[in-house]
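S.K.: Pasting the sequence and the predicted coordinates here, then a few questions.
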Amino acid sequence: AQAILAQAVILIRLRPSAVGGRRPGHCDEGVAMEATRSIDGISSDVTDLVTFEGCTELRRAVPLARILRSRGRVFADSSGSAATYSLSEPVLRIGVFLSHNWVVSRMLKFIALSYHFSFGLASILVLPFALLLGVATALGLLPVVDDPVGYPVGISCRMVCPLCFLVLMLFGRNILAWFGYEGPSVFLDKVCIHQEDMALKEQGIKKLGAFLAASDSMLVLYSDIYFVKLWTVYELASFLSQREISEMTVVPVRHALVFCVVLICLTITQVLQILANRFLGNTELALPVVALIMGNAATFIVRRWHRERAAIDVRLTNFQLHDCSCFCESDRPAVYSNIAKLMRSCGAVSSSAVQEQALDAFNDLVRRTMPQAFRTFLGRVPFQFKHYLAFAAARNGTLMMDEWAQLAHGRDPRAVLADSVGLLFQTLTVWWLVAVAITTLPAFHLQLTGWRSVAWCSACVVASLVPCVLFMMLCEEGAVRAAGSDLVLAAFVAADIC
């Protein structure tokens, strides 16, 4: 344990910010000997906080699938029992340290965890299912609807695949658990710290820093109260004093909800388009109305997320530890004392600094490092390329497979292949750019004030009218199939900006 802590001290002391730009972990023998000698000097203050020396049985973790059972039932409240404690088990290393607030909705946390851990899994599992539906459609085994300007088109992929993806994303880990794979090990305080045995509970709480040191990474389920609660701030202090910020991942809980809402809105748009084609006989006339209604529903959620994202910088820039609330105020002195010890151990203040100086150093550390870190975590656009690709696949990918039904009704396979290649190209280029615009442009309005805000909204209204008028003209000329889709998307984006 002392050897591990000595290495941690070496890494902390040799960060570029502390040692003239030297690489972390690069040290000579003299520095290593100095750190080893100094370990005895700080062991009484810090060893109990960041190691499991003499109490390795406290080092516990729970497989991911167990905390996702029953739609994250374990997140319903913070009270635990012997049954919840039995979900965890002793481990040598912990995969992910989960930092969250108990007052945040159980469903938001369940969706955020599924979104983070199961997105790739759902993408892999839904692909063969979509291909199977496409082949069945091509063989004429699934229902189709007549296309007013061409061959019949299938409906199964557009109606089923996006919802199947969401189901696999939310419940795929539970499905894999049936086959014995429960996913990475996770530290969850309610499950890994005994909640009924007061002596074990006190020991576990004292070892939060040790749980972090034994974890490969830290996952923050961020909400607007994350930096308001004292215990999550303490977890952050333990992390910053021991680890590099690149080892932390931030998932805003509403971010995952936005993704699910946008995907559902795209699916509903597809279904309404199919119904319009079936009962009205002209999909293209109904598509702009459907797209604008569903697009603005999705944009309402996107706007809210952008406002929350803009507020993160404000909270972090003005962070003040003393403003944090604590459910049990009697815990505050102990938390302050532990944060002060961690700040002294990582060299943020001298070893002789009083507690207030150490807490001020922690405030400065958060204000200096966390705003830029959160901007990096969240990126310039709300989603990564893989998420935008999911939006595009829900629109064009499913349509491509539904058009395979035309093979069963006598259309030239080469023409079907050409359409599929064109839709695939749109999926990887045009639709990706459109999805970026839909989820990014609403943020620009938040940054404008006064006359600039009025001018921006007026320009958006005019911009939304021009494509719609041009679209209607093309409808009358019968050129809908060639250019109508792109113009609808242009109107969709412009209306969302407004």
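M.R.: Sure thing, it's come through.
S.K.: Tell me the secondary structure at the closest residue to E247 other than its chain neighbours.
M.R.: Spatial nearest neighbour of E247, excluding adjacent residues (Cβ to Cβ, 6 or more residues apart in numbering): S217 at 5.1 Å. Quick note: C-beta positions are derived from backbone N, CA and C, even for glycine. On the three-state scheme (DSSP: H, G, I helix; E, B strand; the rest coil), S217 is labelled strand.
S.K.: May I have the beta-bridge partners of S217?
M.R.: Judged by DSSP bridges, the bridge partners of S217 are V96.
S.K.: just the one 5 residues further on next, same as before
M.R.: For Y222, the beta-bridge partners are P252 (DSSP bridges).
S.K.: pLDDT weak spots in the stretch 1-150 of the chain?
M.R.: 1-46, 48, 148-149 (pLDDT under 70).
S.K.: L92 looks like it's in a helix, true?
M.R.: No - under three-state DSSP, L92 sits outside any helix and is assigned coil.
S.K.: How about the contacts made by it?
M.R.: R59 (Cβ atoms under 8 Å, 6 or more residues apart in numbering).
S.K.: try 10 Å this time
M.R.: By Cβ atoms under 10 Å, 6 or more residues apart in numbering, the contact set of L92 is 56, 59, 61, 185, 214.
S.K.: Of those residues - the most surrounded one?
M.R.: A61 (26 neighbours; other Cβ atoms under 10 Å).
S.K.: Phi first, then psi, for the closest residue to that one other than its chain neighbours.
M.R.: Nearest non-adjacent residue to A61, counting by Cβ to Cβ, 6+ apart: S185, 3.7 Å away. Main-chain torsions, S185, degrees, to the nearest 10: phi -80, psi 140.
S.K.: per-residue pLDDT, S185?
M.R.: With respect to pLDDT, S185 scores 93.
S.K.: I figured it was touching S88, is that so?
M.R.: Yes - S185 lies in contact with S88 (Cβ atoms under 10 Å); the separation is 8.9 Å.
S.K.: For these two, list the residues in contact with both.
M.R.: Common contacts of S185 and S88, defined by Cβ under 10 Å, 6+ apart, comprise 60-63, 192.
S.K.: how about the helices of the stretch 251-400 of the chain, start to end?
M.R.: 253-279, 283-317, 332-345, 355-378, 385-392, 398-402 (DSSP state H, counting those that start in this stretch).
S.K.: CSV for those, including mean pLDDT?
M.R.: Shown next, in CSV, are the helices of the stretch 251-400 of the chain (pLDDT from 0 to 100):
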stretch, mean pLDDT
helix 253-279, 81
helix 283-317, 68
helix 332-345, 84
helix 355-378, 84
helix 385-392, 81
helix 398-402, 84
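S.K.: Comparing the ones you listed, which comes out most buried?
M.R.: Mean neighbour count (mean count of other Cβ atoms under 10 Å) peaks for helix 398-402 among the helices of the stretch 251-400 of the chain, with a mean of 24.
S.K.: and after that helix, which helix or strand comes next?
M.R.: Heading C-terminal from helix 398-402, the first helix or strand you meet, by DSSP states H and E, is helix 413-428.
S.K.: and that following helix, which residues are buried?
M.R.: For helix 413-428, burial by neighbour count (16 or more other Cβ atoms under 10 Å) applies to 416, 419-420, 423, 426-427.
S.K.: Do me a favour and average the pLDDT over that helix.
M.R.: Helix 413-428 comes out at a mean pLDDT of 80.
S.K.: can I get the CA coordinates of it in CSV?
M.R.: The C-alpha trace of helix 413-428 is given here as CSV (Å, rounded to 0.1, in the frame of the first residue of the first chain):
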residue,chain,number,x,y,z
PRO,A,413,-31.9,-4.2,-58.9
ARG,A,414,-29.3,-1.7,-60.2
ALA,A,415,-31.8,1.2,-59.7
VAL,A,416,-32.5,0.0,-56.1
LEU,A,417,-28.7,-0.2,-55.5
ALA,A,418,-28.2,3.3,-56.9
ASP,A,419,-30.9,4.6,-54.5
SER,A,420,-29.3,2.8,-51.6
VAL,A,421,-25.9,4.2,-52.3
GLY,A,422,-27.4,7.7,-52.6
LEU,A,423,-29.2,7.3,-49.2
LEU,A,424,-26.0,5.9,-47.6
PHE,A,425,-24.0,9.0,-48.9
GLN,A,426,-26.7,11.3,-47.5
THR,A,427,-26.5,9.5,-44.2
LEU,A,428,-22.8,10.0,-43.8
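S.K.: and stretch 319-332, which residues are buried?
M.R.: Buried residues in stretch 319-332, counted by 16+ other Cβ under 10 Å: 319, 321, 324.
S.K.: export these to JSON lines and tack on distance to L176?
M.R.: Shown next, in JSON lines, are the buried residues of stretch 319-332 (distance: Cβ to Cβ, whole Å):
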{"residue": "F319", "distance to L176": "39"}
{"residue": "L321", "distance to L176": "41"}
{"residue": "C324", "distance to L176": "38"}
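S.K.: if we take those residues, which one ends up nearest to R173?
M.R.: C324 (32.8 Å; Cβ to Cβ).
S.K.: and the closest one, what does it touch?
M.R.: 225, 227-234, 332, 335.
S.K.: Quick one: buried ones out of these?
M.R.: 227-234, 335.
S.K.: which stretches of the stretch 51-200 of the chain form helices?
M.R.: 64-67, 69-72, 82-85, 106-138, 156-177, 189-192, 198-206.
S.K.: Throw the helices of the stretch 251-400 of the chain into a markdown table and include distance to L121, thanks.
M.R.: A markdown table is the format used below for those (distance: least, Cβ to Cβ, whole Å):
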| stretch | distance to L121 |
| --- | --- |
| helix 253-279 | 15 |
| helix 283-317 | 24 |
| helix 332-345 | 36 |
| helix 355-378 | 22 |
| helix 385-392 | 12 |
| helix 398-402 | 19 |
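S.K.: Identify whichever of the ones you listed lies nearest to S81.
M.R.: S81 lies closest to helix 332-345 among these, at 24.4 Å (Cβ to Cβ).
S.K.: on that earlier part again, any chance of the buried ones among the contacts of C324 in a markdown table, plus distance to T369 and secondary structure?
M.R.: Shown next, in a markdown table, are these (distance: Cβ to Cβ, whole Å; DSSP: H, G, I helix; E, B strand; the rest coil):
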| residue | distance to T369 | secondary structure |
| --- | --- | --- |
| F227 | 13 | coil |
| V228 | 19 | coil |
| K229 | 19 | strand |
| L230 | 19 | helix |
| W231 | 20 | helix |
| T232 | 16 | helix |
| V233 | 14 | helix |
| Y234 | 16 | helix |
| V335 | 20 | helix |
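S.K.: Nearest to S123, out of these: which one, please.
M.R.: T232 (30.9 Å).
S.K.: is it true that the closest one touches F327?
M.R.: No - between T232 and F327 there is no contact under Cβ under 10 Å: 11.4 Å.
S.K.: coming back round to it: now the buried ones among the contacts of C324 as JSON lines including distance to I175?
M.R.: Converted to JSON lines, the buried ones among the contacts of C324 look like this (distance: Cβ to Cβ, whole Å):
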{"residue": "F227", "distance to I175": "36"}
{"residue": "V228", "distance to I175": "37"}
{"residue": "K229", "distance to I175": "34"}
{"residue": "L230", "distance to I175": "38"}
{"residue": "W231", "distance to I175": "33"}
{"residue": "T232", "distance to I175": "31"}
{"residue": "V233", "distance to I175": "36"}
{"residue": "Y234", "distance to I175": "36"}
{"residue": "V335", "distance to I175": "40"}
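S.K.: how many neighbours does the closest residue to R173 other than its chain neighbours have?
M.R.: Among residues not flanking R173 along the chain, A65 sits closest, at 4.7 Å (Cβ to Cβ, 6+ apart). Other residues within reach of A65 by the criterion other Cβ under 10 Å amount to 20.
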